[in-house]
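Student: predicted coordinates and the sequence they were generated for:
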Amino acid sequence: MLKRHARAACTALAAAGLLLAGTSGATADSAPAAPSAATTLRTADAPPELLAAMQRDLGLTPAQARARLAHEAEAGATAARLRMRLGAAFAGAWVDGADAATLTVATTRAVDTAAIRATGATVRLVTRTLADLDSARAALDGAATAGTPVRYVDPRSNTLVVEEAEPGAAARLLAATGTDPALVTVVRTAGSPRPLYDLRGGDAYYMNGSGRCSVGFPVTKGTTDGFATAGHCGRAGTTTSGFNQVAQGSFQASVFPGNDMAWVAANAQWASTPYVKGSGGANVQVTGSVLQPVGASVCRSGSTTGWHCGTIQQHNTSVTYPEGTISGVTRTTVCAEPGDSGGSYISGSQAQGVTSGGSGNCSSGGTTFFQPLNPILSAYGLTLKVTGGDPGPGPGEPEPGGTWKAGTVYAAGATVTHGGASYRCIQGHQAQTGWEPPNVPALWQRL
């Protein structure tokens with residue numbers, strides 16, 4: 001959603017439950033419009049528990065909380081289209097404002113200004129591309145230590161941020177890797193991230209009858225039910241029991257460090273549901289896995305601290321724990337504590353990822369990191385359990401009308417055919433019935 005359209009969007013939401021029809025490319029005289037991003041991601045169906053947590057943790061009014069979810073969905077789709085259009089010159093995008101009504105897109109080319117403004121977004125002209133800064137961040141990971149525990153690209157400042165826990169640690173890291181100091185902003189940090197496991201909580205699971213973590217997102221693999229969670233919680237073969245201490249299943253695969261991902265196959269006593277445990281134990285529905293943009297709201301469910309919300313700060317962050325470095329995680333302002341590891345991050349009804357680690361706590365505040373969910377689904381051939389009916393064929397199964405297949409995880413930039421036309425994915429997600437490319441311009445661009 002874009003700033004100049006914010007008032008009209010809120011009016012449309014109140015009157016008809018629809019948002020930003022103009023962004024779908026339809027006019028009053030054309031054929032019925034394809035659903036907007038807000039409609040596709042079902043932001044109007046956000047449960048009261050999620051909205052209440054957003055109001056509490058982000059200081060929003062009820063109207064701002066509802067509008068924010070819709071604006072974030074529209075901003076994500078707009079930013080994704082612009083990223084494809086700008087190509088190598090793209091330097092990041094983010095949303096601002098209490099209701100996320102302002103989208104800013106950064107570019108290194110002045111000639112892109114008109115195209116960006118035509119979408120209603122604000123332009124930031126910068127000197128470094130997102131790809132260049134990401135490459136510089138990746139070069140630091142191999143030499144990073146506990147003295148420089150977190151590295152990420154900040155699109156707002158157009159710099160690579162290195163968090164420094166020890167005086168001089170950042171300078172030593174830059175010198176060791178030959179990184180230009182002009183690219184880097186050094187931030188002093190008092191806390192060191194660590195994995196968050198092994199304390200009791202509400203909706204927990206136990207590993208080998210001892211340590212504890214939190215269930216991430218229920219999934220299926222063929223006829224087997226299970227859930228995605230954090231890799232540091234267990235290795236392949238680790239047995240689990242549920243919150244009620246009943247035998248539950250076992251880890252089938254796990255990666256940590258490098259990434260922080262795993263999945264647990266459950267026995268016949270446990271069934272996957274399309275829900276996350278919200279405030280007071282209420283069910284929060286999961287309808288998809290579209291990763292939301294920087295600045296978007298996100299809420300976390302964990303077995304120790306329950307339900308808390310914050311905002312997405314940066315994607316593709318690198319973190320060095322005592323056990324090693326993980327890359328590709330998302331940094332957030334949501335608090336967490338030991339025992340919350342593996343738990344769910346959700347934005348509106350879109351699954352985002354599973355809790356990896358962080359610093360601070362839910363009394364004084366903190367920073368946390370989640371492992372994005374789509375790479376877990378893709379790596380292990382899992383299908384996210386969602387509301388809204390049959391998710392369609394599983395990964396790799398045939399789908400009529402072209403190469404697009406329900407159950408497949410598509411990354412931004414992937415191309416498919418459907419109904420005789422070609423499409424490019426603009427926002428990563430796991431495909432499901434009803435999200436065929438012609439139906440969801442928020443996720444697919446016709447070529």
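Tutor: Everything's here; your move.
Student: give the rounded mean pLDDT of stretch 270-279.
Tutor: Averaging pLDDT along stretch 270-279 gives 89.
Student: please read the previous query as pertaining to stretch 299-318.
Tutor: The predicted model gives stretch 299-318 an average pLDDT of 95.
Student: got it, and stretch 213-229?
Tutor: Confidence over stretch 213-229 (mean pLDDT, whole number) is 94.
Student: how near is residue 308 to residue 122?
Tutor: As for residue 308, its distance to residue 122 is 30 Å (criterion: C-beta to C-beta, to the nearest Å). Quick note: C-beta positions are derived from backbone N, CA and C, even for glycine.
Student: when those two are compared, which one has more neighbours?
Tutor: Between residue 308 and residue 122, counting by other C-beta atoms under 10 Å, residue 308 is the more crowded of the two (23 against 16).
Student: so who does that one touch?
Tutor: Applying C-beta atoms under 8 Å, 6 or more residues apart in numbering, one finds that residue 308 lies in contact with 53, 57, 299, 300, 302, 334, 335, 336, 362.
Student: give me the nearest residue to the last one, chain neighbours excluded.
Tutor: So the one you mean is residue 362. Leaving aside its sequence neighbours, residue 362 sits nearest to residue 335 (C-beta to C-beta, 6 or more residues apart in numbering; 4.0 Å).
Student: so the one you found sits against residue 368, correct?
Tutor: Yes - the pair residue 335 and residue 368 qualifies as a contact (C-beta atoms under 8 Å) at a distance of 6.9 Å.
Student: give the residues shared as contacts by those two.
Tutor: If you check residue 335 and residue 368 against C-beta under 8 Å, 6+ apart, the residues they both contact are residue 358.
Student: who has more neighbours, the two?
Tutor: When residue 335 is set against residue 368 and neighbours are counted by other C-beta under 10 Å, the residue ahead is residue 368, at 30 against 24.
Student: list the contacts of that one.
Tutor: The contact partners of residue 368, by C-beta under 8 Å, 6+ apart, come to 196, 300, 331, 332, 334, 335, 336, 355, 356, 357, 358.
Student: among the residues you listed, name the ones in strands.
Tutor: When DSSP state E is applied, these are split such that 300, 331, 332, 355, 356, 357, 358 fall in strands.
Student: gap between the last one and residue 151?
Tutor: Applying C-beta to C-beta, the value for residue 358 to residue 151 is 15 Å.
Student: now the third one
Tutor: When distances are taken as C-beta to C-beta, residue 332 and residue 151 turn out to be 16 Å apart.
Student: repeat that for the fifth one.
Tutor: Note on residue 356: its distance to residue 151, by C-beta to C-beta, is 15 Å.
Student: looking at these two, which is more packed in?
Tutor: Residue environment comparison for residue 356 versus residue 151 gives the larger neighbour count to residue 356, 29 against 26, counting by other C-beta under 10 Å.
Student: chain center to the helix or strand hosting residue 312: distance?
Tutor: Under the criterion of DSSP states H and E, residue 312 resides in strand 306-321. Mean C-alpha position of strand 306-321 versus that of the full chain (C-alpha atoms, centre = their mean, to the nearest Å) differs by 9 Å.
Student: partner strands of that strand, with direction?
Tutor: Strand 306-321 has the following strand partners under DSSP bridges: strand 150-154 (antiparallel), strand 297-302 (antiparallel), strand 324-332 (antiparallel).
Student: so can I have TSV of those strands showing distance to residue 347?
Tutor: Conversion of the strands paired with strand 306-321 to TSV gives the following (distance: least, C-beta to C-beta, whole Å):
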stretch	distance to residue 347
strand 150-154	19
strand 297-302	5
strand 324-332	10
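Student: need the contact partners of stretch 237-254.
Tutor: Residues from elsewhere that reach stretch 237-254, judged by C-beta under 8 Å, 6+ apart: 202-209, 226, 231, 233-236, 261-267, 269-270, 303, 379-380.
Student: list buried residues within these.
Tutor: Burial by neighbour count, 16 or more other C-beta atoms under 10 Å: within the contacts of stretch 237-254 this picks out 202-207, 226, 231, 233-234, 261-266, 270, 303, 379-380.
Student: inside strands: which ones of these?
Tutor: With DSSP E as the criterion, strands contain 204, 205, 206, 207, 226, 261, 262, 263, 264, 265, 266 from among the buried ones among the contacts of stretch 237-254.
Student: from residue 344, how far off is residue 353?
Tutor: If you go by C-beta to C-beta, the gap between residue 353 and residue 344 works out to 8 Å.
Student: between these two, what contacts are shared?
Tutor: Taking C-beta under 8 Å, 6+ apart as the contact rule, residue 353 and residue 344 both touch residue 216.
Student: tell me which residues of the longest helix anywhere in the chain come out buried.
Tutor: The single longest helix within the chain, with elements called by DSSP state H, is helix 62-86. By 16+ other C-beta under 10 Å, the buried positions in helix 62-86 come out as 64-83, 85-86.
Student: and the helices in the stretch 151-300 of the chain, which stretches?
Tutor: 169-177 (DSSP state H, counting those that start in this stretch).
Student: for residue 148, see how far away the residue lying closest to residue 162 once chain neighbours are set aside is.
Tutor: With C-beta to C-beta, 6+ apart as the measure, residue 170 is the residue that lies nearest to residue 162, at 4.6 Å, once sequence neighbours are left out. Residue 170 sits at a distance of 6 Å from residue 148 (criterion: C-beta to C-beta).
Student: between these two, what contacts are shared?
Tutor: Counting by C-beta under 8 Å, 6+ apart, the residues touching both residue 170 and residue 148 are 162, 164.
Student: before we move on, the earlier item: winner for burial among the strands paired with strand 306-321?
Tutor: Highest mean neighbour count of the strands paired with strand 306-321: strand 297-302, a mean of 28 (counted as mean count of other C-beta atoms under 10 Å).
Student: give me the below-cutoff pLDDT ranges for this protein.
Tutor: For the chain, residues meeting the criterion pLDDT under 70 lie at 1-32, 194-203, 389-401.
Student: now with 80?
Tutor: Counting by pLDDT under 80, the chain shows low-confidence ranges at 1-34, 190-203, 209-210, 388-401.
Student: any idea how far the closest residue to residue 81 other than its chain neighbours is from residue 42?
Tutor: In this structure, residue 81 finds its nearest non-sequential neighbour in residue 426, 5.7 Å apart by C-beta to C-beta, 6+ apart. From residue 426 across to residue 42, the span is 19 Å (C-beta to C-beta).
Student: comparing the two, which shows the higher neighbour count?
Tutor: In this view residue 426 and residue 42 are compared by other C-beta under 10 Å, and residue 426 has more residues nearby, 26 against 19.
Student: so who does that one touch?
Tutor: Contacts here follow C-beta under 8 Å, 6+ apart; on that basis residue 426 touches 77, 80, 81, 83, 84, 412, 442, 443, 444, 445.
Student: now do 10 Å
Tutor: With contact taken as C-beta atoms under 10 Å, 6 or more residues apart in numbering, residue 426 is in contact with 76-85, 410, 412-414, 440-445.
Student: also residue 290?
Tutor: Neighbouring residues of residue 290 by C-beta under 10 Å, 6+ apart: 37, 40-41, 73, 76-77, 80, 347-352, 374, 427-430, 435, 440, 442-443.
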